[in-house]
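# pasted the sequence and its predicted model underneath.
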Amino acid sequence: MDAPRPTKDRARSLRRTMSLPEVLLWRVLKGRKMEGLHFRKQHPVGPYVLDFYCDARKLAVEVDGGSHGFGDRPDRDDRRDAWLAERGIRTWRLPASLVLRSVDDAARTIWARLEEED
């Protein structure tokens with residue numbers, strides 16, 4: 001799925017300025033491949049940039065900080081997830097606090113859910 005140039009440029013910038021939880025999770029995801037599954041970081045899709053994306057499973061993994069629970073953010077996240085779902089992409093959300101507490105537990109959560117789907 002393609003993305004407009006501004007979204008691609010934003011993704012490129014976000015790859016250089018990832019949050020600490022994103023960096024920690026990326027270190028685990030990039031080094032561990034399960035049955036050939038490959039994750040991309042800060043992947044542009046349409047008007048959005050996905051924290052992590054597995055094309056083989058059409059799966060977006062989002063690391064959500066505390067701001068995702070306040071103001072209009074939950075509604076924006078719902079609209080974004082619905083837009084992605086219309087294009088066959090599922091979204092899994094992990095709290096940034098889980099990643100910071102134990103990046104290994106966060107990664108195990110992702111791998112376990114992927115294994116459940118097999």
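Nice, I can see it. Numbering: from 1, shown residues only.

# which residues touch the helix or strand hosting Asp75?
Of the helices and strands defined by DSSP states H and E, Asp75 is found in helix 73-86. Helix 73-86 has contacts (C-beta atoms under 8 Å, 6 or more residues apart in numbering) with Val45, Gly46, Tyr48, Leu50, Ala60, Glu62, Asp64, Ser67, His68, Arg90, Thr91, Arg93. All C-beta atoms are positioned from the backbone trio N, CA, C, and that covers glycine.

# ok, these vs Arg5, which is closest?
Gly46 (12.5 Å; C-beta to C-beta).

# re earlier: and the contacts of helix 73-86, which are buried?
In the contacts of helix 73-86, burial by neighbour count holds for Val45, Tyr48, Leu50, Ala60, Glu62, Asp64, His68, Thr91, counting by 16 or more other C-beta atoms under 10 Å.

# would you agree the first one is in contact with Asp51?
No: look at Val45 against Asp51 with C-beta atoms under 8 Å: they stay out of range, at 11.4 Å.

# what do these two both touch?
Counting by C-beta under 8 Å, 6+ apart, the residues touching both Val45 and Asp51 are Ala60.

# identify the bridge partners of the residue nearest the centre of the chain.
Closest residue to the average C-alpha location of the chain: Val61 at 2.8 Å, with C-alpha atoms, centre = their mean. When bridges are assigned using DSSP bridges, the partners listed for Val61 are Phe52, Trp92.

# wait, it touches Leu94, no?
Yes: with contact defined as C-beta under 8 Å, Val61 and Leu94 form a contacting pair (6.6 Å).

# between the two, which contacts overlap?
With C-beta under 8 Å, 6+ apart applied, the overlap between the contact sets of Val61 and Leu94 consists of Leu25, Ile110.

# just the strands in this structure please.
39-45, 48-54, 59-64, 90-95 (DSSP state E).

# any weak-confidence spans in this structure?
Within the chain, the stretches falling below the threshold (pLDDT under 70) are 1, 32-35, 66-71, 118.

# how about a cut-off of 80?
Scanning the chain for pLDDT under 80 picks out 1, 31-36, 66-73, 117-118.

# before we move on, back to that, in CSV, list the strands of the chain along with distance to Arg76.
Supplementary listing: those in CSV, determined by distance: least, C-beta to C-beta, whole Å:
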stretch, distance to Arg76
strand 39-45, 16
strand 48-54, 10
strand 59-64, 12
strand 90-95, 13
